[in-house]
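In: Whatever this is, show me its structure:
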Amino acid sequence: MSIAKTLIFFIGFILSSCTIVNTAHVMIGEKRSPIDISEVKLYTTPPPKYIEIAILNVDSGHDFRTAQGLMNTSIEKLKLDAASMGANGVILKNVGDKTSGAYGVISSPIVPGAPAIVSMSSHNYKTVSGTAIYVAQ
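Out: Okay, the predicted model is just below:
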């Protein structure tokens, strides 16, 4: 394989790499038997009667995906986590953006007098949190 083809392959691989998804939960109730994700309903206001199961948090990030794509991934993972706990609903609490970043200075000890290179990066995330609940049908 030529160097150009190898370079194109690696650039394509980096641009299409997986979305970073971070999840966390705190159990505040009793876990139930898992259900299908299609049974999980999202609420912006609490239903009249429900049982709390857990507090859920999900962040999704990727440098080359759209904001809507990241939000869809976050919501899907939130519903998947709720379904795994037997929750058939999630009361959404926070839906928004989060940014993290870093920078560094790289200097070359091999080439004396070479200029330092400053590298900066930031990552944008869509974050979603809510309360996993069970609503009797």
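In: For the top helix by length along the chain, which outside residues touch it?
Out: For the chain, the helix that runs over the most residues, judged by DSSP state H, is helix 67-84. Helix 67-84 is contacted by residues 19, 21, 23, 25, 34-37, 39-40, 42, 53-54, 56, 58-62, 65, 88-90, 95, 97, 124-128, 130, 132 when judged by C-beta atoms under 8 Å, 6 or more residues apart in numbering. Yep, even glycine has a C-beta here, placed from its N, CA and C like the rest.
In: Buried subset of the residues you listed as a ChimeraX selection?
Out: With 16 or more other C-beta atoms under 10 Å as the criterion, this ChimeraX line picks the buried residues out of the contacts of helix 67-84:
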select :19,21,25,35,40,53,54,56,58,59,60,61,62,65,88,89,90,124,125,126,127,128,130,132
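In: Tell me the secondary structure at residue 49.
Out: Three-state call for residue 49 (DSSP: H, G, I helix; E, B strand; the rest coil): coil.
In: got it, and residue 94?
Out: strand.
In: excluding its backbone neighbours, what's nearest it?
Out: With C-beta to C-beta, 6 or more residues apart in numbering as the criterion, residue 94 has its nearest non-adjacent residue at 4.6 Å, and that residue is residue 129.
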